[in-house]
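Enquirer: The sequence and its predicted three-dimensional model are supplied below.
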Amino acid sequence: MAGLSSLMAPRRLDTLKVRRNFSRQATEYERHAVVQRRVAERLLQLLLEGGLVGGPALEIGAGTGYLLHRLRRLCPGVRPVISDLAHAMTCQAAARLPQVPAVDADAQALPLRCASLSLVVSSSVYQWVEDLPLAFAEIARVLQPGGRFAIALFGARTLHELRDSHRRGAAEAGRHPSHALDFPDRSTVADALAAAGFTRYRLQVAEEWEFYSTAPELLRHLKQIGALNAATDRPPGLASRQVMQRLAAHYERFRQDGKLPATYQVIYVLGRKTRGVLPGGEIKAPAAPRT
């Protein structure tokens with residue numbers, strides 16, 4: 001059953017593995033990243049509710065360049081910079097936006113001057129960052145006073161059906177603990193923002209869904225977008241046939257209308273590098289689509 005490693009906990013992330021995993025799938029990523037594209041569109045909508053943006057802007061984890069491409073069409077005054085940890089992804093984005101500067105960059109150590117940007121955007125990236133306070137502090141460092149940021153990352157309920165099924169299957173098979181991936185929750189993100197010195201921001205939560213015929217189909221999809229294991233402490237033997245069979249059996253508890261749902265919880269954060277607090281609130285989650 002392909003893609004099991006997507007479930008493994010990045011309790012300590014191997015940055016080289018993250019880079020390698022996404023680089024390998026760079027040419028296939030956009031074809032399969034359906035949820036990620038919806039998240040990027042919603043992030044743009046939320047950003048532009050605060051007015052048009054312009055000036056020097058960085059996308060952290062640009063992937064294939066979809067978000068920056070859309071942003072530049074909507075806000076011609078933006079002067080974007082592409083960055084991604086995975087070199088092959090940086091190349092994909094640079095090919096899409098050939099006149100835009102591009103650089104390989106780790107979100108935890110941005111190769112940019114202090115106070116050099118008016119905007120930072122990022123979508124579906126920060127769940128792969130080990131040290132969120134450090135990464136958010138880097139956003140604060142490179143933003144000009146009054147600069148804006150808009151990020152979206154996957155939260156704690158993401159793939160909860162798959163993670164629960166794997167935990168049960170691993171326990172029944174007498175294998176190592178499943179080390180199921182724990183995505184950051186709202187409180188973790190808020191604490192990291194506070195540690196980075198941000199006081200004026202709005203944090204909102206929504207959910208997206210995808211549906212699959214079988215658990216192996218979902219696991220293959222995760223592999224196709226590069227969402228593979230990047231843990232430094234991954235125990236061996238987690239992908240045994242016995243565990244996989246039990247995982248698939250447990251996942252059947254979630255089947256609805258003939259399909260298996262995969263939940264993606266999305267945490268959106270929009271703010272400025274200034275003091276004060278923006279009104280908070282939740283994005284109302286839409287009803288789950290019918291299949």
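Expert: Cool, the structure landed.
Enquirer: low pLDDT regions in the stretch 101-250 of the chain?
Expert: In the prediction, the stretch 101-250 of the chain carries residues with pLDDT under 70 at positions 175-181, 226-239.
Enquirer: Tell me which stretches of it form helices.
Expert: When assigned using DSSP state H, counting those that start in this stretch, the helices of the stretch 101-250 of the chain occupy the ranges 132-142, 160-172, 186-195, 215-224, 241-251.
Enquirer: could the ones you listed go into TSV alongside distance to residue 265 and mean neighbour count?
Expert: Heads up, the C-betas are built off the backbone N, CA and C, glycines and all. Written out in TSV, the entries for the helices of the stretch 101-250 of the chain read as follows (distance: least, C-beta to C-beta, whole Å; neighbours: other C-beta atoms under 10 Å):
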stretch	distance to residue 265	mean neighbour count
helix 132-142	16	20
helix 160-172	8	20
helix 186-195	9	17
helix 215-224	16	20
helix 241-251	18	19
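Enquirer: Could you dump those into CSV and include distance to residue 260?
Expert: Supplementary listing: those in CSV, determined by distance: least, C-beta to C-beta, whole Å:
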stretch, distance to residue 260
helix 132-142, 30
helix 160-172, 7
helix 186-195, 26
helix 215-224, 6
helix 241-251, 6
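Enquirer: Can you give me the distance of the one residue sitting closest to the centre of the chain to residue 55?
Expert: The structure's the chain has its C-alpha centroid closest to residue 124; by C-alpha atoms, centre = their mean the separation is 2.2 Å. When C-beta to C-beta, to the nearest Å is applied, the distance between residue 124 and residue 55 equals 24 Å.
Enquirer: same check, this time on residue 220
Expert: Taking C-beta to C-beta as the measure, residue 220 and residue 55 are separated by 41 Å.
Enquirer: And residue 269, by the same measure?
Expert: Per C-beta to C-beta, residue 269 is found 20 Å from residue 55.
Enquirer: Please compare those two by neighbour count and tell me which comes out ahead.
Expert: Each of residue 269 and residue 55 had its neighbours counted (other C-beta atoms under 10 Å), and the higher figure belongs to residue 269 (25 against 14).
Enquirer: Got the phi and psi for that one?
Expert: Residue 269 adopts backbone torsions of phi -130, psi 130, taken as degrees, to the nearest 10.
Enquirer: For it, give the beta-bridge partners.
Expert: Per DSSP bridges, the residues bridged to residue 269 are residue 151, residue 203.
Enquirer: Check it and give its pLDDT.
Expert: Confidence at residue 269, expressed as pLDDT, is 98.
Enquirer: those strands in the stretch 51-200 of the chain, which residues are they?
Expert: Taking DSSP state E, counting those that start in this stretch to define them, one finds strands in the stretch 51-200 of the chain at 55-60, 78-84, 102-104, 117-123, 143-154, 200-212.
Enquirer: Which one, of the ones you listed, ends up nearest to residue 247?
Expert: The stretch from the strands of the stretch 51-200 of the chain with the least distance to residue 247 (C-beta to C-beta) is strand 200-212; that distance is 13.3 Å.
Enquirer: That closest one - contacts with which helices or strands?
Expert: Here strand 200-212 touches helix 34-48, helix 186-195, helix 215-224, strand 260-272, going by 3 or more C-beta pairs under 8 Å, 6 or more residues apart in numbering; DSSP states H and E.
Enquirer: Does the residue nearest to the centre of the chain touch residue 152 like I think?
Expert: Yes - Residue 124 is within contact range of residue 152, at 6.4 Å (criterion: C-beta atoms under 8 Å).
Enquirer: hmm, back to that, what about the helices and strands packed on strand 200-212, which gets the closest to residue 247?
Expert: Evaluated with C-beta to C-beta, these place helix 215-224 nearest to residue 247, the distance being 6.2 Å.
Enquirer: what's that closest one packed up against?
Expert: Contact here means 3+ C-beta pairs under 8 Å, 6+ apart; on that basis helix 215-224 packs against helix 26-32, helix 160-172, strand 200-212, helix 241-251, strand 260-272.
Enquirer: Show me what the shortest one is packed against.
Expert: The elements that helix 26-32 packs onto, with contact taken as 3+ C-beta pairs under 8 Å, 6+ apart, are helix 87-96, helix 215-224.
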